[in-house]
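# Coordinates for the following, if possible.
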Amino acid sequence: MQVIQQELVTGSRLQGLPVMRKVILFITTFWIIMYSNARMSDFVPSYKFVHLFPIPAFVRGVELALLVFLYLLSLTTKMNKRILLFNVSILAFIGLSILNLVWHGNLRGASIQDLYIRLAPLLFFAILVPASRADKKELRFFVQFFIGTLLLNILVSVFYQIPLHGDHEDHIPGIMEDAHAYCNYLLVFFIVLLYDYLRTKKLTSLALSLFFLVLTVFPRNEKAIGFTILVAGFLVLQHILKKTKGLFLKLAIVGTLLLAAGIGTFTLVKNRPDIWARADLAINYIGLENVGPIQAWPMAVNEIQSGPMPMLIGLGAGEYGWIAAGRDVSEGNGRKHSRQFDFEFTFGSVDNAGFMFRTNTWSSLLAEFGIIGTLLFLVPVWIMTKKVWKHQPENRLEANMRMAFLIILLLVVFQGFFTPYSNWSSPTLVFPMAYLAAYFHSTTKKELLENS
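From the prediction side, this is the model:
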């Protein structure tokens with residue numbers, strides 16, 4: 001136990017004890033891809049050949065138990081003081097949530113699992129922070145691993161899934177759990193390489209960036225792609241304005257780019273109306289005020305207005321519209337509050353689309369944990385993000401890692417407003433996000449020597 005604790009404090013490179021860093025690196029790389037692959041469905045023809053890791057569902061519970069153990073162990077280290085408020089918020093969130101479940105007689109395995117799946121990225125971050133910064137060798141492996149993972153996805157999708165099974169957006173996942181996960185990886189690399197081009201003017205980065213954007217046409221996730229293109233437009237515009245002198249010229253550039261974007265959008269809508277079918281349905285037939293993401297919030301608030309306690313601490317983990325609630329409904333034994341989402345969780349429904357879900361990751365957070373629980377959850381997310389946002393990169397690698405963290409966070413948060421589970425429940429994106437954030441929070445070797 002003392003060896004592991006010392007490992008958390010000093011890092012494997014200083015003490016010659018690589019066990020903990022190897023475990024952490026394995027979880028952040030190989031494990032999340034293996035687990036993502038394990039979640040592929042055997043009912044889809046294009047999935048069968050590449051479904052390589054049929055990991056039993058209970059293993060996720062083992063993963064969560066390991067994270068909790070390592071987190072509690074990290075609390076015993078001196079270095080966790082730098083994220084004291086972070087840990088206080090996490091522990092208060094856990095304590096309040098469990099007391100709520102016990103008080104209402106709703107304590108069950110599914111609820112506890114829901115609770116810790118919400119916290120898993122934050123726990124992983126807290127485990128990483130007490131360690132020293134990853135050295136160049138580890139960072140090089142981290143980057144090369146995800147480059148290799150993306151290339152493997154591209155090879156599988158381009159040379160196996162598309163030629164044999166056709167271009168169907170939900171059937172082009174590469175080796176990952178679904179097409180949206182694959183698309184998210186393409187979008188992350190698109191933004192990071194575009195950002196790298198803007199900083200370094202390396203044409204190779206620009207070419208690869210555009211190549212990855214083009215590939216998103218196959219595992220298309222329209223909302224995420226549109227959002228990421230807006231982020232890319234903001235980065236390009238910000239770069240141009242920084243290089244431009246004079247207010248009039250800046251306004252002219254902004255006006256020209258907006259006009260070009262408008263013409264491009266109009267042309268695309270005119271020539272490819274199928275791409276905008278869902279948006280057309282939501283705007284012209286359903287009405288924006290009736291779509292799921294808009295209705296989700298008043299519905300969530302309505303569920304916790306029965307008294308001051310539900311408003312403050314919520315209905316309890318697993319009692320509204322997240323993973324445990326969705327599983328209950330699909331099995332025909334939904335809880336009191338989750339039952340109303342039977343319509344959304346019925347996969348045979350023709351209306352089972354992202355804009356129809358009347359519950360999402362963030363509205364269910366409010367309903368299940370109340371105002372206090374939501375604030376306790378958001379405080380650690382804010383602490384994790386703040387230092388990365390303010391960090392001034394020392395080199396090209398740090399700059400790209402910082403941008404990778406920011407775009408992953410933006411994608412996860414954005415998609416969480418549309419779907420019940422989103423990417424926050426899957427380690428595929430959020431564990432690398434936590435790893436990147438921890439790098440910017442971790443102590444340097446100089447600080448470790450001074451504190452030892």
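
# got any ranges where the stretch 201-350 of the chain has weak pLDDT?
The stretch 201-350 of the chain contains residues with pLDDT under 70 at 257, 261-262, 264-291, 322-350.

# if you go through it in chain order, where are the helices?
Taking DSSP state H, counting those that start in this stretch as the criterion, the stretch 201-350 of the chain contains helices spanning 203-215, 222-243, 247-271, 277-280, 292-303, 308-313, 323-330, 342-345.

# Please work out which of these is packed deepest.
Most buried of those, by mean neighbour count (mean count of other C-beta atoms under 10 Å): helix 323-330, with a mean of 20. Where you see a C-beta, it was placed from the backbone N, CA and C, and this is true even at glycine.

# Could you tell me the phi and psi values at T244?
Per-residue torsions, T244: phi -100, psi 140 (degrees, to the nearest 10).

# now the helices of the stretch 201-350 of the chain in a markdown table, with distance to I127?
As requested, these are arranged in a markdown table below (distance: least, C-beta to C-beta, whole Å):
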| stretch | distance to I127 |
| --- | --- |
| helix 203-215 | 31 |
| helix 222-243 | 28 |
| helix 247-271 | 43 |
| helix 277-280 | 40 |
| helix 292-303 | 31 |
| helix 308-313 | 27 |
| helix 323-330 | 22 |
| helix 342-345 | 33 |
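
# and A434, which of those helices is closest to it?
helix 323-330 (19.2 Å; C-beta to C-beta).

# per-residue confidence for T10?
Predicted confidence (pLDDT) at T10: the value is 42.

# again, but for T200
The model's pLDDT for T200 equals 93.

# Give me the nearest residue to it, chain neighbours excluded.
Spatial nearest neighbour of T200, chain neighbours left out: R396 (6.7 Å); criterion: C-beta to C-beta, 6 or more residues apart in numbering.

# so how far is A179 from the one you found?
31 Å (C-beta to C-beta, to the nearest Å).

# got a list of what L198 touches?
L235, V236, H239 (C-beta atoms under 8 Å, 6 or more residues apart in numbering).

# before we move on, what about L139?
Taking C-beta under 8 Å, 6+ apart, one finds L397, M401, Y439 in contact with L139.

# And those, which is closest to I383?
I383 lies nearest to Y439 out of those, by C-beta to C-beta, at 15.1 Å.

# Mind listing what's buried along the host helix or strand of that closest one?
For Y439, the element it lies in under DSSP states H and E is helix 427-441. Neighbour-count burial for helix 427-441, counted by 16 or more other C-beta atoms under 10 Å, picks out 427-441.

# Determine how far it lies from the middle of the whole chain.
Its chain's C-alpha centre and that of helix 427-441 lie 10 Å apart, by C-alpha atoms, centre = their mean, to the nearest Å.

# With A92 as the reference, measure out to the nearest residue to M384 once chain neighbours are set aside.
Closest residue in space to M384, ignoring its immediate chain neighbours: A437 at 4.9 Å, by C-beta to C-beta, 6+ apart. For A437, the distance to A92 (C-beta to C-beta) stands at 21 Å.

# Also I225?
Distance, I225 to A92, by C-beta to C-beta: 38 Å.

# V23: which of the helices of the stretch 201-350 of the chain is closest?
Per C-beta to C-beta, nearest to V23 of the helices of the stretch 201-350 of the chain: helix 323-330, 25.4 Å.

# So which of the buried residues of helix 427-441 is the closest to L123?
A434 (8.6 Å).

# Report the contact partners of the closest one.
Contact analysis of A434 by C-beta under 8 Å, 6+ apart lists P121, L122, F124, F125, L128, M384.

# Shouldn't M176 be within a helix?
No: applying DSSP: H, G, I helix; E, B strand; the rest coil, one finds M176 to be coil, outside a helix.

# can I assume it is in contact with I33?
Yes: applying C-beta atoms under 8 Å, one finds M176 in contact with I33, separated by 7.4 Å.

# Are there residues contacting both of the two? Which ones?
The contact sets of M176 and I33 overlap at T428 (C-beta under 8 Å, 6+ apart).

# Work out the gap between the helix ranked longest in the chain and the centre of the chain.
Ordering each helix of the chain by length in residues (DSSP state H) puts helix 361-390 first. Its chain's C-alpha centre and that of helix 361-390 lie 14 Å apart, by C-alpha atoms, centre = their mean.

# For that helix, give the mean pLDDT please.
93.

# elements contacting that helix?
helix 84-103, helix 109-128, helix 292-303, helix 308-313, helix 396-415, helix 427-441 (3 or more C-beta pairs under 8 Å, 6 or more residues apart in numbering; DSSP states H and E).

# averaging pLDDT over each of those, which comes out lowest?
Among those, helix 292-303 scores lowest, at a mean of 81.

# got the angle between that helix and helix 222-243?
When axes from the mean of the first three to the mean of the last three C-alpha atoms, to 10 degrees is applied, the directions of helix 292-303 and helix 222-243 differ by 100 degrees.
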